[in-house]
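A.B. asks: After the sequence you'll find the predicted model.
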Amino acid sequence: MSNNLAFADYAVFIIYFIAVSVYGYTIYRKRERNEHDAKAYFLAEGTLTWWAIGASLIASNISAEQFIGMSGEGFFLGIAVAAYEWIAAIALIIVAVWFIPVYLKNKIYTMPQFLKTRYNESTALIMAVFWLFLYVFVNLTSILYLGAVAINGLAGGEYLHVIMVGLAVFALIISLGGMKVVAYTDVIQVAVLIIGGLVTSYIALTTVAQYFGFGHDAIAGFQVLMEKAPEHFKMIIPRPTATSTQLEIDKYLTFPGLMAYLAGIWIINLNYWGCNQYITQRALGADLETARTGILFAGFLKLLMPVIVMLPGIAAYVLYQNGHLPQLVGGKDGAYSAMLTFLPTGLKGLSVAALTAAIVASLAGKVNSISTIYTLDVHKKYIQKDATDNAQVNIGKYAIFAAMLLAVLFTWNDLLGIGGVGGFTYIQKYTGFISPGVFAMFFLGMFWKRTTGTAAIVGVISGFLLSVLFNEFAPSLFGNETLLYTAYSNGKGAFEIPFHICMGLSFAFTMLLMIGVSLAGPKVNPKAFELDTEMFKLKPQTTVMIVITLLVICALYAKFW
């Protein structure tokens, strides 16, 4: 066994594993009488509480790419990367107030079903197949690979494939029990990842304080971070000038200042939280008030995430710059693992448990959604139309096993090249090319009655092609004299358009194309959803939750602007 983890660390991890497994099995036994009810299996219809929905949303969202990737961006960019989390909280408010009522009023249970109901079967089938490939070969593979690499580094670097299989099997145990088991075990998972993450952040701050002569005072450690790395506590990355260094240019390309807030970051978050099966599925089986409260609870939890996933990266930067941290293994993405080396025995095991909880919860949530889409939107409609509830549940379980097996096979020797670009970048790269078209299709489909099925297909295709154009070809077409918002190349690196700006441009032109195509059709599409003011009304307690969340976000931006 590796010297990196002591017996106490393994003991803490084993206790976590047993607790999650026993709790999941207990939930499964309680709902065994409904095991052959397809909606109960896939959606846990009507049985999830608001706190289970909120915790499950966060557990499915926070995974290894957040712990490792966003901590690395904290090392590189600083607090600016927190925008992904804080804007996500606002996006969750928008989803809770305006998106979820449309889904629930029209009895939408899957995203392909939305497309069929609002547009046509062709659009639904195209996107169902696309989402299946995206979830299996992008989401599952990257999370499994990056998670296994992270835990393997802490365990001594000799058990990559064993850990990979172990994570897959653990996720299978949870996900085969259905949506209710996934959601309620996620409550434990999110508690472990938050507690473990906060402990890591606390140790990081006290370690900084200790190295700079302030004892074990975490608050003093935070003040040291602000003094030693003031540029890491600015939310807005300044636009480069002709005298900027390559490092300043690279930071702007990663997060292009105010321009990121005008386009890309909103598309990323609204598409992810509002048009994503493995996210919205948690709320689709509940009543409107429960779903709304759960989503808003998740938004409140998002406010804590930068403390957990970003602060250790800034601490690693300050220690590294002042010679208190050896060279990072794997560059900036090694920041989080480097900080874990400072943890005492026992707490290191808790942090491994937190990482594992994040990975397993995301894997379980994604394979459950893969199973739901395949069973309800492909198999039941095109392969076995007369499938009983019992047959659908069995098919769903086979789909879960097949998806996880494919993910393991493709990550075994990194066949998709995830390690070459990093798991976080890998996900952003391949989902970002399709996000503008998908979000435009959903947004117009919900709120503009004139949008047609033809426009939806045009939107998906044009969104992808425009993303390729702006990301890959526009820089060479326009050159350094382009009027687009670009970073200066200065001859120091390849000329690029920041990724967020590419998304904004793709979305804007896709919307224009869809509107143009729809204007050639009927004034009101007969498949358009009926909307009324009643479905968007909020209860007083809901309004209070929204106001508190927005005030906290405003205070954070006022502090770190």
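C.D. replies: Received the coordinates, thanks.
A.B. asks: The helix or strand hosting residue 180: which residues count as buried?
C.D. replies: Assignment of secondary structure by DSSP states H and E places residue 180 within helix 179-211. For helix 179-211, a neighbour-count test (16 or more other C-beta atoms under 10 Å) marks 179-190, 192-197, 199-211 as buried. C-beta: built from backbone N, CA, C; applies to glycine.
A.B. asks: Centre of the chain to that helix, how far?
C.D. replies: Distance, stretch centre to chain centre, for helix 179-211: 17 Å (C-alpha atoms, centre = their mean, to the nearest Å).
A.B. asks: list the buried ones in whichever helix or strand comes after that helix?
C.D. replies: Reading on from helix 179-211 to the C-terminus, the next helix or strand found by DSSP H and E is helix 218-228. Judged by neighbour count using 16+ other C-beta under 10 Å, the buried positions of helix 218-228 are 218, 220-225, 228.
A.B. asks: same for helix 218-228, what does it pack against?
C.D. replies: Judged by 3 or more C-beta pairs under 8 Å, 6 or more residues apart in numbering; DSSP states H and E, helix 218-228 is in contact with helix 179-211, helix 311-321.
A.B. asks: Tell me where the stretch 151-300 of the chain is predicted with low confidence.
C.D. replies: 153, 155-157, 179, 183, 278-279, 285 (pLDDT under 70).
A.B. asks: do the same with the stretch 351-500 of the chain
C.D. replies: Within the stretch 351-500 of the chain, the set of residues satisfying pLDDT under 70 comprises 413-430, 474-496.
A.B. asks: Generate JSON lines for the buried residues of helix 218-228, with distance to residue 105 as supplementary columns.
C.D. replies: Output for these, formatted as JSON lines (distance: C-beta to C-beta, whole Å):
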{"residue": "218", "distance to residue 105": "47"}
{"residue": "220", "distance to residue 105": "53"}
{"residue": "221", "distance to residue 105": "50"}
{"residue": "222", "distance to residue 105": "46"}
{"residue": "223", "distance to residue 105": "50"}
{"residue": "224", "distance to residue 105": "52"}
{"residue": "225", "distance to residue 105": "47"}
{"residue": "228", "distance to residue 105": "53"}
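A.B. asks: wait, which of the residues you listed is closest to residue 505?
C.D. replies: Residue 505 lies nearest to residue 225 out of the buried residues of helix 218-228, by C-beta to C-beta, at 35.7 Å.
A.B. asks: Surely the closest one and residue 232 touch.
C.D. replies: Yes: with contact defined as C-beta atoms under 8 Å, residue 225 and residue 232 form a contacting pair (7.3 Å).
A.B. asks: so what sits against both of those two?
C.D. replies: residue 314 (C-beta atoms under 8 Å, 6 or more residues apart in numbering).
A.B. asks: tell me the SS of the closest residue to residue 284 other than its chain neighbours?
C.D. replies: By the measure of C-beta to C-beta, 6 or more residues apart in numbering, the closest residue to residue 284 outside its immediate chain neighbours is residue 109, 5.3 Å from it. Reducing the assignment at residue 109 to three states with DSSP: H, G, I helix; E, B strand; the rest coil gives coil.
A.B. asks: Not counting its neighbours along the chain, what's nearest residue 219?
C.D. replies: In space, residue 219 is closest to residue 205, 7.8 Å off (C-beta to C-beta, 6+ apart).
A.B. asks: May I ask you to confirm that that neighbour is in contact with residue 226?
C.D. replies: No: with contact defined as C-beta under 8 Å, residue 205 does not reach residue 226; the gap is 11.4 Å.
A.B. asks: Relative to residue 453, how far out is residue 114?
C.D. replies: The spacing between residue 114 and residue 453, counted by C-beta to C-beta, to the nearest Å, is 13 Å.
A.B. asks: Comparing those two, which shows the higher neighbour count?
C.D. replies: Each of residue 114 and residue 453 had its neighbours counted (other C-beta atoms under 10 Å), and the higher figure belongs to residue 114 (25 against 22).
A.B. asks: Quickly find the element holding that one.
C.D. replies: Per DSSP H and E, residue 114 falls inside helix 111-118.
A.B. asks: Show the backbone phi and psi for residue 109.
C.D. replies: Dihedral angles of residue 109 (phi, psi; degrees, to the nearest 10) stand at phi -110, psi -20.
A.B. asks: quick one: it from residue 265, how far?
C.D. replies: Here residue 109 is placed at a distance of 29 Å from residue 265 (C-beta to C-beta).
A.B. asks: again with residue 196
C.D. replies: As it turns out, when the distance is counted by C-beta to C-beta, residue 196 lies 27 Å from residue 265.
A.B. asks: what's the closest non-adjacent residue to residue 256?
C.D. replies: residue 498 (3.8 Å).
A.B. asks: If you could redo that for residue 412, that was the one I meant.
C.D. replies: By the measure of C-beta to C-beta, 6+ apart, the closest residue to residue 412 outside its immediate chain neighbours is residue 161, 6.7 Å from it.
A.B. asks: From the contact counts, what lies against the host helix or strand of the one you found?
C.D. replies: With secondary structure defined by DSSP H and E, residue 161 is part of helix 160-175. With contacts defined as 3+ C-beta pairs under 8 Å, 6+ apart, helix 160-175 has these neighbours: helix 7-30, helix 141-155, helix 179-211, helix 347-372, helix 389-412.
A.B. asks: 6 Å instead?
C.D. replies: In this structure, helix 160-175 makes packing contacts with helix 141-155, helix 179-211, helix 347-372, helix 389-412, judged by 3 or more C-beta pairs under 6 Å, 6 or more residues apart in numbering; DSSP states H and E.
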